[in-house]
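[1] below: sequence and its predicted model.
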Amino acid sequence: GQQVMQIPQYQHVQEGEDFTTYCNSSTTLSNIQWYKQRPGGHPVFLIQLVKSGEVKKQKRLTFQFGEAKKNSSLHITATQTTDVGTYFCAGPILSQGGSEKLVFGKGTKLTVNP
Amino acid sequence: ETGVTQSPTHLIKTRGQQVTLRCSSQSGHNTVSWYQQALGQGPQFIFQYYREEENGRGNFPPRFSGLQFPNYSSELNVNALELDDSALYLCASSFGGQLYEQYFGPGTRLTVT
């Protein structure tokens, strides 16, 4: 079925190294959203991308939406221990009943060694 | 601005029982979505409520049902609980019946024994 795939599943970096997680959809998305979930916490909305080829930055975080609106990436420059958590992408996909459902990837769990 | 709240925080139920989880949306938001998150997985969309009606549904059986009230708060009801229903149940609020910018509550941890 239609799904959103995310790689890698896990990423361990040394503090100061860069980190990238990739998201791919089997179908064109109207938008892609990124969330961060700290251990024991709940997902927190980071950003939404809507336009083909869109790039948005939040301090050390850079988000991209592919030209075909089927893939996206999140890049963190010079990771810090505060970046630890699981990063999820999510996109609205048509369900069988004709309405949309928000489908999350399985997430990339980032650990940072100080 | 009041954030999304959920109750209870934790719950233990026995297989076959029924459970009701509650959610109050963030002030200014009129749409509530419910998600199930199993350990190590991403949230799975159960359904969304907008204007007190179900506005979209994921791949969950009919024993998962919900309500939205005029003040935009919501309930998730699960009947005939199964062991696999053990998970973190997350409520998220947003605006306008769209699947944009979900603001999540802290979740209810349900354990079915």
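    Perfect, thanks for sending it. Numbering: from 1, shown residues only, chains lettered A, B, ... in the order given.
[2] and the gap between B:Ser33 and chain A?
    The gap separating B:Ser33 from chain A is 7 Å, by C-beta to the nearest C-beta, to the nearest Å. In short, each C-beta sits where N, CA and C put it, glycine included.
[3] ditto for B:Arg109
    Counting by C-beta to the nearest C-beta, the separation of B:Arg109 from chain A is 10 Å.
[4] what's the answer for B:Gly97, then?
    Separation of B:Gly97 from chain A (C-beta to the nearest C-beta): 10 Å.
[5] quick one: contacts for that residue?
    B:Asn30, B:Thr31, B:Gln48, B:Tyr50, B:Arg51, B:Asn55 (C-beta atoms under 8 Å, 6 or more residues apart in numbering or on different chains).
[6] redo that, cut-off 7 Å
    For B:Gly97, the contact set (C-beta atoms under 7 Å, 6 or more residues apart in numbering or on different chains) comprises B:Thr31, B:Tyr50, B:Asn55.
[7] for it, which three-state class applies?
    Here B:Gly97 is recorded as coil under DSSP: H, G, I helix; E, B strand; the rest coil.
[8] so what pLDDT did it get?
    pLDDT for B:Gly97: 80.
[9] repeat that for A:Ser72.
    98.
[10] which ones among the contacts of B:Gly97 map onto strands?
    B:Thr31, B:Tyr50, B:Asn55 (DSSP state E).
[11] shouldn't the last one be in contact with B:Tyr49?
    Yes: between B:Asn55 and B:Tyr49 there is a contact at 6.2 Å, judged by C-beta atoms under 7 Å.
[12] compare the two (neighbour count), which wins?
    More neighbours surround B:Tyr49 than the other of B:Asn55 and B:Tyr49, with 26 against 19 (other C-beta atoms under 10 Å in any protein chain shown).
[13] need the residues of chain B near chain A, please.
    B:33, B:41-43, B:45, B:55-58, B:90, B:99-107 (C-beta under 7 Å from any C-beta of the partner chain).
[14] could I get the contacts of B:Gly97 in TSV, plus columns for pLDDT?
    Supplementary listing: these in TSV, determined by pLDDT from 0 to 100:
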residue	pLDDT
B:Thr31	93
B:Tyr50	92
B:Asn55	87
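[15] of those residues, which is the nearest to chain A?
    Taking C-beta to the nearest C-beta as the measure, chain A lies nearest B:Asn55 of those, at 6.5 Å.
[16] show me the shaky parts of chain B.
    Applying pLDDT under 70 to chain B flags the ranges B:1-2.
[17] for it, which residue is closest to the average position?
    In chain B, the residue lying closest to the centroid (C-alpha atoms, centre = their mean) is B:Trp34, at 3.1 Å.
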